[in-house]
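Undergrad: just coords:
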């Protein structure tokens, strides 16, 4: 039963929650478990969401940090964030049966890194140094890549030949922040070569645009996602830059009643790795505070679908 508090308006950002790359990665592990049974090993978290990882672990997936934890000859899945060539080589040495669940949009960045490196360019990779995606891209051409995390880094980086420089970006960055860093690089290196298409993925851009739309009307924005999810963290940043209080929560259990004092309009979204059912749980929890008037704010629609790798496709499915 709904609480007896005042009616609050909830604005659902759309698009929100799972993107095509995340769905592909999760489907890869689930399909392998259904086809072959457990255990299925997964290097790192398949996507950055603790609930997804826990659910797959309950179904028989075994998550490891290093391939040395995987028995020789076993099957292992590489996460959506991508891995460096050295990891593929290590898997071959251990005779592992690998299934690569790297998001195709991350694979595109890897391809661009290899191409720029083959041209002898210094590659300025705009991204978070400790993020798994950045690690994987860096590993494609470590002798050619310099990681740029901030505009200050961009202002001070030194390259061998300023005429032979290109840039790439992590796919999950905040679009405004990435643009500011690239602007500094372009000012310093007039011949800086850009990737053929924007590296920040469509899902990241769409979710940031959607959260801006709800933040324009909201007193508070809630972002459902895990703390190690870069795209979820960026949604919080985007909302706060719009001048609205915003919180990142794993699920409804992290809601705090004091957040809602004097709040009449709540924006709600989820990062690209957040399961939709977690947002439904947040709505149910909000109903305990009082009645809700739920509206959806659609800024774009998504129809992208990435089929799982061939080894992880189940018969009589959409993947055929």
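TA: Received it, and whenever you're ready, just let me know what you need. In this text, all values refer to a predicted model and were calculated from it rather than measured experimentally.

Undergrad: so how far is residue 79 from residue 65?
TA: 11 Å (Cβ to Cβ, to the nearest Å). Heads up, the C-betas are built off the backbone N, CA and C, glycines and all.

Undergrad: looking at these two, which one has more neighbours?
TA: residue 79 (25 against 9; other Cβ atoms under 10 Å).

Undergrad: average pLDDT across stretch 182-198?
TA: In this model, stretch 182-198 has a mean pLDDT of 96.

Undergrad: ok now that stretch, how far from the chain's centre?
TA: 24 Å (Cα atoms, centre = their mean, to the nearest Å).

Undergrad: not counting sequence-adjacent ones, nearest residue to the most centrally placed residue in the chain?
TA: Taking Cα atoms, centre = their mean, the centroid of the chain lies closest to residue 231, which sits 4.8 Å from it. Closest residue to residue 231 apart from its sequence neighbours, by Cβ to Cβ, 6 or more residues apart in numbering: residue 172 at 4.1 Å.

Undergrad: again with residue 116
TA: Sequence neighbours aside, residue 166 is the residue nearest to residue 116 in space, at 4.4 Å (criterion: Cβ to Cβ, 6+ apart).

Undergrad: isn't there a helix covering the one you found?
TA: No. Read with DSSP: H, G, I helix; E, B strand; the rest coil, residue 166 is strand and lies in no helix.

Undergrad: for it, name its beta-bridge partners.
TA: Judged by DSSP bridges, the bridge partners of residue 166 are residue 123, residue 193.

Undergrad: how about residue 8?
TA: residue 292.

Undergrad: let me see the contact set for it.
TA: The neighbours of residue 8, taking Cβ atoms under 8 Å, 6 or more residues apart in numbering as the test, are 260, 263, 264, 265, 266, 286, 289, 290, 291, 292, 293.

Undergrad: just the buried ones out of those residues, please.
TA: Among the contacts of residue 8, those buried by neighbour count (16 or more other Cβ atoms under 10 Å) are 260, 265, 266, 286, 289, 292.

Undergrad: which one of these is nearest residue 85?
TA: The closest of the buried ones among the contacts of residue 8 to residue 85 turns out to be residue 266 (Cβ to Cβ; 45.2 Å).
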